[in-house]
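# need a structure here:
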Amino acid sequence: MADKGQGHLPADANSATAPNGTVDRLPGLAHELANLVQAVSGNLELLGRGSLDETSLRYLSNAQMATRHLTELTIGLQSTMPSRLRTRR
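Got it, this is the predicted structure:
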């Protein structure tokens with residue numbers, strides 16, 4: 001099972017046990033994840049500008065909190081990539 005709480009790549013991310021090409025695809029995947037999180041965040045912000053009942057506001061708040069967490073995870077993923085990978089997309 002994957003370690004969900006660490007916010008960094010496993011120590012063996014560059015090892016031969018990683019599926020072929022997985023490590024090389026990380027920069028593109030991290031970039032795409034950041035783009036998708038930004039799209040969701042923007043749409044949630046637009047949704048929040050409307051008139052919402054208390055339950056909808058709670059759901060919106062939970063979704064916004066989740067996107068902030070995803071943003072932090074994405075930044076953590078990008079910062080822990082080997083420098084040779086960070087410059088490629």
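# contacts and neighbour counts: CA atoms only from here.
Will do.
# Phi and psi next, for residue 82.
The phi/psi pair for residue 82 (degrees, to the nearest 10) reads phi -60, psi 140.
# Residue 53 too?
Torsion angles, degrees, to the nearest 10, at residue 53: phi -80, psi 170.
# Just the buried residues of the strand or helix carrying residue 59, please?
Using DSSP states H and E, residue 59 falls within helix 54-80. By 16 or more other C-alpha atoms under 10 Å, the buried positions in helix 54-80 come out as 60, 64, 67, 70-71, 73-78.
# Just the pLDDT for the spatially most central residue of the chain.
By C-alpha atoms, centre = their mean, the chain has its centre lying nearest to residue 74, at 3.6 Å. If you check residue 74, the pLDDT there is 90.
# try residue 2
43.
# One more: residue 82?
Confidence score, pLDDT, at residue 82: 71.
# Any figure for the gap between it and residue 26?
Distance, residue 82 to residue 26, using C-alpha to C-alpha, to the nearest Å: 10 Å.
# which of the two has more neighbours?
Per other C-alpha atoms under 10 Å, whichever of residue 82 and residue 26 has more neighbours is residue 26, with 18 against 14.
# If you rank every helix and strand of the protein by mean pLDDT, what lands last?
Here the helix or strand of the chain ranked lowest by mean pLDDT, DSSP states H and E is helix 83-86, holding a mean of 66.
# In the protein, where is pLDDT below threshold?
Filtered on pLDDT under 70, the chain yields the residue ranges 1-20, 84-89.
# run the last query once more with 90
Residue ranges of the chain with pLDDT under 90: 1-31, 76-89.
# Give the other helices and strands that the helix holding residue 59 contacts.
helix 22-48 (3 or more C-alpha pairs under 8 Å, 6 or more residues apart in numbering; DSSP states H and E).
# Tell me the buried residues in the helix it packs on?
Buried, per 16+ other C-alpha under 10 Å, within helix 22-48: 23, 26-27, 29-30, 33-34, 37-38, 41, 44.
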